[in-house]
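Visitor: Pasting a predicted model and its sequence here:
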Amino acid sequence: MKTTSGPIIDMTPSGEFAREPIAGPTLGVIFARVVAFAILLGFAAIAFWLAIFTIPLLIIAGLGGYAYLRFKMRRHGVHFRPIVVSNFRR
């Protein structure tokens with residue numbers, strides 16, 4: 001049966017733990033992260049702009065279409081009348 005061994009610990013001959021040099025991210029990695037963030041921020045800005053400016057335009061277009069429908073129906077003699085159901089008898 002094979003036993004699992006734990007992590008390998010590097011030690012110097014004097015008994016000290018060997019320390020690996022701590023290297024920060026390279027300039028290329030930093031640049032790639034900044035570019036990725038800028039692209040994502042650009043997409044978010046475009047999506048926000050579209051939401052802010054197209055929703056009012058769609059509302060105005062809907063109201064214009066509704067007014068056009070009312071105009072055409074009234075022109076042909078169809079009138080909108082509210083239907084109120086009261087004293088409903090069978």
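Guide: Now that the structure is in, tell me what you want to look at.

Visitor: Flag the shaky bits of the chain, pLDDT-wise.
Guide: For the chain, the stretches with pLDDT under 70 are 1-4, 6-8, 21-22, 82, 85-90.

Visitor: what helix or strand is the most centrally placed residue in the chain on?
Guide: By Cα atoms, centre = their mean, the chain has its centre lying nearest to A44, at 7.2 Å. A44 belongs to helix 27-75 when elements are defined using DSSP states H and E.

Visitor: Quick one: residues contacting V34.
Guide: Counting by Cβ atoms under 8 Å, 6 or more residues apart in numbering, V34 touches no other residue. For the C-beta atoms, the positions are set from N, CA and C on the backbone; glycine is no exception.

Visitor: Tell me the spacing between F53 and I39.
Guide: F53 is 22 Å from I39, where distance means Cβ to Cβ, to the nearest Å.

Visitor: quick one: I55 and V29, what's the gap?
Guide: Applying Cβ to Cβ, the value for I55 to V29 is 39 Å.

Visitor: Same question for L41.
Guide: According to Cβ to Cβ, L41 and V29 sit 19 Å apart.

Visitor: Count the residues that sit near R70.
Guide: R70 has 13 neighbouring residues, counting by other Cβ atoms under 10 Å.

Visitor: which SS state does the nearest residue to it once chain neighbours are set aside fall under?
Guide: Among residues not flanking R70 along the chain, F80 sits closest, at 7.0 Å (Cβ to Cβ, 6 or more residues apart in numbering). Assigned state for F80: coil (three-state reduction, DSSP: H, G, I helix; E, B strand; the rest coil).
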